[in-house]
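Student: Take this sequence and fold it.
(2 chains)
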Amino acid sequence: MIVVNGNEYPFKEGVSLLSILKEHNKSLFKEAIVAKEDDKLIDLSTLVSDGVNYTVFTAESPEGLETIRHSAAHIMAQAVKTLLPEAKVTIGPVIENGFFYDFDVENPFTPEQIQKIEKEMKKHVQANYEFHRTVMSRDEAVKHFEALGEIYKVEIIKELPEDQNITFYKQGDFIDLCRGPHIPFSGRLKAFKLLNAAGAYWRGDEKNRMLQRIYGTAFSTKEELDQYLNFLEEAKKRDHRKLGKELDLFSFQKEGVGFVFWHPKGMTLRNQLIQFWRDLHEESGYVEINTPIILNKELWIKSGHYANYKENMYFTQIDEMEHAVKPMNCPGCMLFYNTSLHSYREFPIRVAELGLVHRHERSGTLHGLMRVRQFTQDDAHIFMLPSQITTEIKGVVNLIETIFKKLGFSDVNVEISTRPAKFIGNIEDWDTAEAALKQALDELNYNYEINEGDGAFYGPKIDFSIKDSLNRRWQCSTIQLDFALPERFDCTYIGEDGKKHRPIMIHRAIYGSIERLIGILIEEYAGKFPLWLAPVQMKIIPVSSEKHLEYSQEVYKRLKNSKFRVELDDRGEKLGYKIREAQLSKVPYMLIIGDQEVENQTVAVRHREHGDLGSMSLFDFFEKLSSEL
RNA sequence: GCCUACAUAGCUCAGACGGUAGAGCACCUCCUUGGUAAGGAGGAGGUCACCGGUUCAAGUCCGGUUGUAGGCUCCA
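Tutor: Here you go, the predicted model:
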């Protein structure tokens, strides 16, 4: 007997899972993509063994979808080889929303070629080739691919363990090295699209040859594919670079590549975020400092940045002495710490700094507000006793939670990075610190991933990332322990025993970069900022710019005096026109003032999303606003 | 930095074959004083990113530079 998806079938020697389905379960047979034996994904062509429990997946399952995408990459490679036989194939994995395949070709792919490749793929799908799995020995495999001139495959095979059987998949006359599993027939690939092409280094190493990568995606149905393509379109509309221009928040100029020009409305966003941040930090027992953005080279040698981070730093001369523009705030804070003698009784000392830092990023990596060369970090350094680590980390995590909640982010990813191969300090300190980080997150019931060995050389860290509109993750908050800097700067405190000790120090940032955060917020809200952030909170629109002007100005003054960000549109345009403009500028409230409002001393409130809310007294409107803020 | 594509008015975009620039919106002026997403008329605005080449003639063809976009790499 064998079991498939809970149903028992008689066992027969030398029969594949697919044949079993074909015989006993026609509907599942038609939909089946891949299967699982215990925890191992297998092809449907696998011959069944007696007494085994199999699970068969359709395209609807994550396993099925991933297999479809993987096979789509192979079919794409097949199509490329059909059209360009001299192309050399490399690798073609599944990625978050699709797949790609890298080719070594003489000339980069043109959009027309991509179209042709897509058409060719459709032919291969139509042909409904069987994906045939074969096994070869290493030597056979190397010979096979050497004969074909597929040098990249040869390279990969040579790196596989000597004794390992190497599997191949053949569909039509195309054969590719692959661990599998794959869809049973190419016809099971029902909905796919090639998206774009780009250069990519072989093995991601810029010293290697640049290959040409084609990205594509595949879904279980045409509807889902269309839905995804639609999502990409929608995401484009939310792109912070587009909205930043439309809403006049900021700009970039060729005179300063990677440096943001903040326009008045963008400045309001910054200031609101900063004010919220300051209030919260003051409540949470932080002090705030500000340190210079230019400091001499000796400092950066001492901090280790000169040795480890020089490539990303800008240098300048002052009185013939070399100086650097700060890429980080920590050394300045160390100097501040050392300006006085500290006692363990003061601990923890929480020192915040909204520090303007400059980092040289390679030109090709710049991306709107998300990656720039000058940005403001909402930094803080906390000095403490070893026994205070967990409590302090928890304090920071709570602060992060409060802030993300206010900003409306729910999809936050948390990762702990532990001791790397190259590290400073002693292992006991690392172990204590890593345990403290985990304990803090555990006590707060956080789910997190662990990146073993991914910590900085100076200490372990917790990173928090959130998503932009295209589901790209951006790291914002970070909490990093640092064993190096207190040492390098000889920071000390006087302990209970009257002797000098080395304090524990953490760096932390919550917004990460104010620039990046605003970029993410623009996309998160699609430009419709909540009332507390909105650059303009309400616009007063008189029906007639003559008859209703006086009362409109009075309303304007009262709102202005109550510290609201209000504008009065007193142009001689028609009501519909002014509403349209206000609507497009995404102002939360429009206050329409006509004869009725003047007479009753009210305002007609229109909300950017809920439309006309009717007339109300200014007092009621204030009540409404305060309930929203 | 590397690969590819793109660069025309403030914005969004047209400009087959090379014959010295065009629309809509925005802006300015005038008319219109209009009740919940565009009232009308007129006007002004461009060294076609920059530098060089081919040509009688370059927005258009070629080369380079700069910037932008999508990736690679790197990171807040």
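
Student: Could you use CA atoms for every contact and neighbour count after this?
Tutor: Noted.

Student: For A:Gly425, which non-adjacent residue is closest in space?
Tutor: Take A:Gly425 and drop its neighbours on the chain: the residue closest to it by Cα to Cα, 6 or more residues apart in numbering is A:Phe483, 6.3 Å away.

Student: next one: phi and psi at that neighbour?
Tutor: phi -90, psi -10 (degrees, to the nearest 10).

Student: Run through the residues that contact it.
Tutor: A:424-425, A:458-459, A:504-505 (Cα atoms under 8 Å, 6 or more residues apart in numbering).

Student: so which helix or strand takes in A:Phe336?
Tutor: Assigned by DSSP states H and E, A:Phe336 falls within helix A:330-337.

Student: Is the next helix or strand after that helix positioned near RNA strand B?
Tutor: Following helix A:330-337 in sequence order, the next helix or strand is strand A:349-358 (DSSP H and E). No: shown here: strand A:349-358 not in contact with RNA strand B (Cα under 7 Å from any atom of the strand), separated by at least 8.4 Å.

Student: Distance from strand A:349-358 to the middle of the chain?
Tutor: 24 Å (Cα atoms, centre = their mean, to the nearest Å).

Student: Name the surrounding residues that touch it.
Tutor: Residues contacting strand A:349-358 (Cα under 8 Å, 6+ apart): A:285-291, A:293, A:313-314, A:325-329, A:333, A:373-384.

Student: okay if I get the contacts of A:Phe483 as CSV plus neighbour count, pLDDT and distance to A:Gly576?
Tutor: Output for the contacts of A:Phe483, formatted as CSV (neighbours: other Cα atoms under 10 Å; pLDDT from 0 to 100; distance: Cα to Cα, whole Å):
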residue, neighbour count, pLDDT, distance to A:Gly576
A:Ile424, 16, 78, 66
A:Gly425, 14, 79, 68
A:Tyr458, 19, 85, 61
A:Gly459, 24, 88, 60
A:Ile504, 25, 93, 62
A:Met505, 25, 95, 59
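
Student: Pull out the buried positions in stretch A:548-567.
Tutor: Neighbour counts over stretch A:548-567 (16 or more other Cα atoms under 10 Å) mark A:548-549, A:551-552, A:555-556, A:559, A:564-567 as buried.

Student: What about those, which are in helices?
Tutor: Taking DSSP state H, the ones among the buried residues of stretch A:548-567 that sit in helices are A:549, A:551-552, A:555-556, A:559.

Student: could you pick out which of those are near RNA strand B?
Tutor: Answer for those near RNA strand B: none qualify (Cα under 7 Å from any atom of the strand).

Student: Which parts of the stretch 351-500 of chain A are strands?
Tutor: Using DSSP state E, counting those that start in this stretch, the strands of the stretch 351-500 of chain A run over A:374-384, A:413-417, A:449-451, A:461-467, A:473-482, A:493-494, A:500-501.

Student: So in terms of bridging, what pairs with A:Leu591?
Tutor: For A:Leu591, the beta-bridge partners under DSSP bridges are A:Ile540, A:Val605.

Student: Setting the sequence-adjacent residues aside, check what's closest to the spatially most central residue of chain A.
Tutor: Chain A has A:Arg473 as the residue nearest its centroid, 0.8 Å off, counting by Cα atoms, centre = their mean. Excluding the flanking residues, the one nearest A:Arg473 by Cα to Cα, 6+ apart is A:Lys467, at 4.4 Å.

Student: right, and the one you found touches A:Trp474 too?
Tutor: Yes: contact criterion Cα atoms under 8 Å: A:Lys467 and A:Trp474 qualify, at 6.0 Å.

Student: quick one, what contacts A:Gln374?
Tutor: A:Gln374 touches A:258-260, A:356-359, counting by Cα under 8 Å, 6+ apart.

Student: go with 6 Å
Tutor: Contacts for A:Gln374 were tallied using Cα atoms under 6 Å, 6 or more residues apart in numbering; they are A:259, A:357-358.

Student: Quick one: those as JSON lines, columns for pLDDT and neighbour count too.
Tutor: Shown next, in JSON lines, are the contacts of A:Gln374 (pLDDT from 0 to 100; neighbours: other Cα atoms under 10 Å):
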{"residue": "A:Phe259", "pLDDT": "95", "neighbour count": "20"}
{"residue": "A:Val357", "pLDDT": "96", "neighbour count": "20"}
{"residue": "A:His358", "pLDDT": "96", "neighbour count": "22"}
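
Student: For the stretch 51-200 of chain A, what lies in contact range of RNA strand B?
Tutor: A:107-108, A:110, A:196-200.

Student: Strands - which of those land there?
Tutor: Of the positions in those, A:196-200 sit in strands, assigned by DSSP state E.

Student: Mind giving me the ChimeraX command for buried ones among those?
Tutor: Selection of buried members from those for ChimeraX, criterion 16+ other Cα under 10 Å:
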select /A:197,200
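
Student: which of the ones in strands among the residues of the stretch 51-200 of chain A next to RNA strand B lies closest to A:Cys491?
Tutor: Of all these, A:Cys491 sits closest to A:Ala200, with 45.2 Å by Cα to Cα.

Student: There's contact between the closest one and A:Leu211 in this structure, I believe.
Tutor: Yes: the criterion here is Cα atoms under 6 Å, and A:Ala200 meets it with A:Leu211 at 5.2 Å.

Student: What segments of the stretch 501-629 of chain A are strands?
Tutor: A:504-513, A:538-542, A:566-568, A:589-593, A:602-607, A:611-617.

Student: before we move on, the earlier item: show the buried residues in the contacts of strand A:349-358.
Tutor: A:286, A:291, A:293, A:313, A:325-329, A:333, A:373-384.

Student: which of those residues come close to RNA strand B?
Tutor: Filtered for proximity to RNA strand B (Cα under 7 Å from any atom of the strand), the buried ones among the contacts of strand A:349-358 shrink to A:373-375.

Student: which sections of chain A are below the confidence cut-off?
Tutor: A:468-470 (pLDDT under 70).

Student: Domain ranges for it, per the record?
Tutor: A:2-58, A:63-238, A:263-291+A:330-525, A:292-328, A:538-628 (automatic domain parsing).

Student: and the second one, how far apart are its ends?
Tutor: The first residue of domain A:63-238 is 31 Å away from its last residue (Cα to Cα, to the nearest Å).

Student: can you check the longest one too?
Tutor: Taking Cα to Cα as the measure, domain A:263-291+A:330-525 stretches 19 Å from start to finish.

Student: can you tell me which of the contacts of A:Phe483 lies nearest to A:Ser410?
Tutor: Nearest member of the contacts of A:Phe483 to A:Ser410, counting by Cα to Cα, is A:Gly459, at 27.9 Å.

Student: Confirm for me that the closest one is in contact with A:Leu481.
Tutor: Yes: counting by Cα under 6 Å, A:Leu481 is a contact partner of A:Gly459 at 4.9 Å.

Student: so who does A:Tyr101 touch?
Tutor: By Cα under 6 Å, 6+ apart, the contact set of A:Tyr101 is A:91-92, A:213-214.

Student: switch to 8 Å and redo it
Tutor: A:73, A:76-77, A:89-93, A:213-215.

Student: Of the residues you listed, which is the nearest to A:Lys500?
Tutor: The closest of the contacts of A:Tyr101, once distances to A:Lys500 are taken by Cα to Cα, is A:Pro93, at 55.1 Å.

Student: And the closest one, how far from RNA strand B?
Tutor: Relative to RNA strand B, A:Pro93 is positioned 12 Å away (Cα to the nearest atom of the strand, to the nearest Å).

Student: ditto for A:Tyr201
Tutor: 4 Å.

Student: Could you find the closest non-adjacent residue to the closest residue to RNA strand B within the stretch 1-150 of chain A?
Tutor: Nearest residue of the stretch 1-150 of chain A to RNA strand B (Cα to the nearest atom of the strand) works out as A:Pro108 at 5.1 Å. Closest residue to A:Pro108 apart from its sequence neighbours, by Cα to Cα, 6+ apart: A:Gln212 at 6.1 Å.

Student: Shouldn't A:Ala72 be within a helix?
Tutor: Yes: counting by DSSP: H, G, I helix; E, B strand; the rest coil, A:Ala72 is part of a helix.

Student: Within its local environment, how many residues does it see?
Tutor: Counted by other Cα atoms under 10 Å, the residues lying close to A:Ala72 total 34.
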